[in-house]
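# Model the structure of this input:
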Amino acid sequence: MRGTLKQRSKGSWTIIFDLPRNSNGERKQQWVTVRGTKREAEKRLTELIHQMDTGAFVKPTKLTVGGFLQEWLQSYVATNVRAATAEGYRIIVERHLVPAMGALVLSELKPANLQRYYAKALKEGRRDGGGGLSARTVVHHHRVLKEALSHAVKWGLIGRNVADAVDPPRAVDREMSALDPGGVERVLDAARGTRYYPLINLAAFTGMRRSELLGLRWKDVDLSKRTVSIAQVLHCLPGGRVVFEQPKTAKSRRLVTLSPAPALALLSYRETVEADLAQMGSTLTSDRLVFSQLDGSPLLPNTVTHAFAKIVRRAGVEGITFHSLRHTHASIMLQQGVSSKTVAERLGHSTVVITLDTYSHVTPGVKEDAASRFEEALHRDPQANFNRHLR
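Below is the predicted model:
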């Protein structure tokens, strides 16, 4: 073995092994401190020698985990990741990872450090002192840390990604809430007459994400062909800054076809917008957001979420969020016999995890005719101008 062990004190060992000679042929040695049993120190020595032989050895530095994570945020994340994603990374790093592990030396980070952090986060990870974080949230922390450490390996700061040796907590899949046909009808009835009806109506008919709906421009809508092009999304960062970005994946950038009812609803809505703008001496431009404030400024996501919550309460429907409209649309399509592949493409997903079991809460007997009832409920339109267009 090309190295030696020296015990410094009880449970503390010094590993001394040879480094490649320098250009002058001078001998160089590396000293590494290991805390634990002699067997653990011997195992670490074997690992270091293997790293030397394979070229994977990285000379330890005093760079801390916190220092590295901040550098990673500034030099990689800020220039290579979408703004909304970058902000999410920053929050996880600065609010959770750095306070918990930031003082540790990066080269001395062990799988056990991560495992202890995950266990503690599950028990008492909430910053307000209200208990632990969900397993799903801790898994997300693990993914961010693993991604960051992969860059530390690429940059030659560490020899291995210790997150590869850690098992994050198992996140339990949440039951996805969806409306039955009667619930859809009640929500739309409660929304009718509000400024949010066109938005909610389109969400129910297309399964589009909130960010996609709020980023939609009139030039992305072709009413003659009854299509909507998903070309940009809207996100609101902490502090209220609104950013527009391209959809995250190629599958998210898609063309969504409209059935007659939502197409007519959009046509009527557009006529209303044009009339309102004409009264102010303005005209509708193709770059204007479809769903916006009267002055054309964006609707904020949280504003839509809170408004929808009030509408749902008024409709007497429980346990439903705006995102539930997306699940509802997917579930109804599956109920109609549409293939999961087609549903996935429509929603901009690579796969679909929604199944007919989503309708397990529906009263027996309703499941069988859910599709036809849904179509009947959604296509019922009391507004006279819609009927005029249908003639």
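
# what's downstream of the strand or helix carrying K43, the next helix or strand?
Using DSSP states H and E, K43 sits in helix 38-54. Once the chain leaves helix 38-54, the next helix or strand it forms, by DSSP H and E, is helix 65-72.

# what residues are up against A100?
117, 120-121 (CB atoms under 8 Å, 6 or more residues apart in numbering). All C-beta atoms are positioned from the backbone trio N, CA, C, and that covers glycine.

# redo that, cut-off 6 Å
Y117 (CB atoms under 6 Å, 6 or more residues apart in numbering).

# Distance-wise, check it relative to Q70.
Look at A100 and Q70: by CB to CB, to the nearest Å, they are 15 Å apart.

# Now tell me what touches the helix or strand where L213 lies from outside.
Element membership for L213, per DSSP H and E: helix 210-214. For helix 210-214, contacts defined as CB under 6 Å, 6+ apart pick out 199, 230, 233-234, 299, 301, 322.

# Would you map the strands across the stretch 151-300 of the chain?
Per DSSP state E, counting those that start in this stretch, the stretch 151-300 of the chain carries strands over the ranges 221-222, 227-229, 233-236, 242-245, 255-257.

# Mind putting those strands into JSON lines with distance to E26?
Output for the strands of the stretch 151-300 of the chain, formatted as JSON lines (distance: least, CB to CB, whole Å):
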{"stretch": "strand 221-222", "distance to E26": "72"}
{"stretch": "strand 227-229", "distance to E26": "66"}
{"stretch": "strand 233-236", "distance to E26": "56"}
{"stretch": "strand 242-245", "distance to E26": "54"}
{"stretch": "strand 255-257", "distance to E26": "67"}
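
# which one of these has the most crowded surroundings?
Highest mean neighbour count of these: strand 233-236, a mean of 21 (counted as mean count of other CB atoms under 10 Å).

# Give me the packing partners of it, helices and strands only.
Where contact means 3 or more CB pairs under 6 Å, 6 or more residues apart in numbering; DSSP states H and E, strand 233-236 is packed against helix 210-214, strand 242-245.

# nearest to G193, of these?
helix 210-214 (19.3 Å; CB to CB).

# returning to that earlier point: lowest average pLDDT across the helices and strands packed on strand 233-236?
Ranked by mean pLDDT, the helices and strands packed on strand 233-236 end with strand 242-245 at the bottom, a mean of 94.

# and that one, what does it pack onto?
The contact analysis (3+ CB pairs under 6 Å, 6+ apart) places strand 242-245 against strand 233-236.

# quick one: the strand it packs on to chain centroid distance?
Distance of strand 233-236 from its chain centroid, counting by CA atoms, centre = their mean, to the nearest Å, is 12 Å.

# Could you do stretch 265-280 as well?
How far stretch 265-280 lies from its chain's middle: 34 Å, per CA atoms, centre = their mean.

# residue ranges with poor pLDDT in the stretch 251-391 of the chain?
Applying pLDDT under 70 to the stretch 251-391 of the chain picks out residues 350-391.

# and the spatially closest residue to T305 that is not a sequence neighbour, how many neighbours?
The shortest distance from T305 to any non-neighbouring residue, by CB to CB, 6 or more residues apart in numbering, is to F322 (5.7 Å). Look at F322: counted by other CB atoms under 10 Å, it has 22 neighbours.

# Same check on R136?
Residues within reach of R136, counting by other CB under 10 Å, total 13.

# If you compare the directions of the helix or strand harbouring it and helix 65-72, what angle comes out?
When elements are assigned from DSSP H and E, R136 belongs to helix 135-154. Angle, helix 135-154 to helix 65-72, by axes from the mean of the first three to the mean of the last three CA atoms, to 10 degrees: 80 degrees.

# in helix 135-154, what's buried?
Going by neighbour count (16 or more other CB atoms under 10 Å), the buried part of helix 135-154 is 135, 137-142, 144-149, 151-153.

# can you list contacts of it?
Here helix 135-154 has contacts from 68-69, 72, 76, 89, 92, 118, 121-122, 158, 161, 163, 168-169, 171, using CB under 6 Å, 6+ apart.

# change it to 7 Å
68-69, 72, 76, 89, 92, 96-97, 106, 114, 118, 121-122, 158, 160-163, 168-172 (CB atoms under 7 Å, 6 or more residues apart in numbering).

# So for it, mean pLDDT?
Averaged across helix 135-154, the pLDDT comes to 94.

# residue ranges of the helices in the stretch 251-391 of the chain, please?
Counting by DSSP state H, counting those that start in this stretch, the segments of the stretch 251-391 of the chain that form helices are 260-279, 301-315, 324-335, 340-347, 370-379, 384-390.

# Any chance of JSON lines for those, columns distance to V290?
Converted to JSON lines, the helices of the stretch 251-391 of the chain look like this (distance: least, CB to CB, whole Å):
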{"stretch": "helix 260-279", "distance to V290": "8"}
{"stretch": "helix 301-315", "distance to V290": "13"}
{"stretch": "helix 324-335", "distance to V290": "16"}
{"stretch": "helix 340-347", "distance to V290": "19"}
{"stretch": "helix 370-379", "distance to V290": "19"}
{"stretch": "helix 384-390", "distance to V290": "18"}
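
# now for the ones you listed, which one comes closest to T194?
T194 lies closest, by CB to CB, to one member of the helices of the stretch 251-391 of the chain: helix 301-315, at 6.8 Å.

# tell me the angle that closest one makes with helix 324-335.
Orientation check (the same axes, to 10 degrees): helix 301-315 against helix 324-335 gives 70 degrees.

# hmm, back to that, for L45, find the nearest of the helices of the stretch 251-391 of the chain.
With CB to CB as the measure, helix 340-347 is the member of those nearest L45 (50.7 Å).

# Identify each buried residue in the closest one, please.
In terms of neighbour count (16+ other CB under 10 Å), helix 340-347 has its buried residues at 340, 343-347.

# List just the nearest of the residues you listed to P262.
Checking these against P262 with CB to CB, the nearest one is R346 at 13.1 Å.

# Settle this for me: the closest one is touching G207, isn't it.
Yes - if you go by CB atoms under 7 Å, R346 and G207 touch, sitting 6.4 Å apart.
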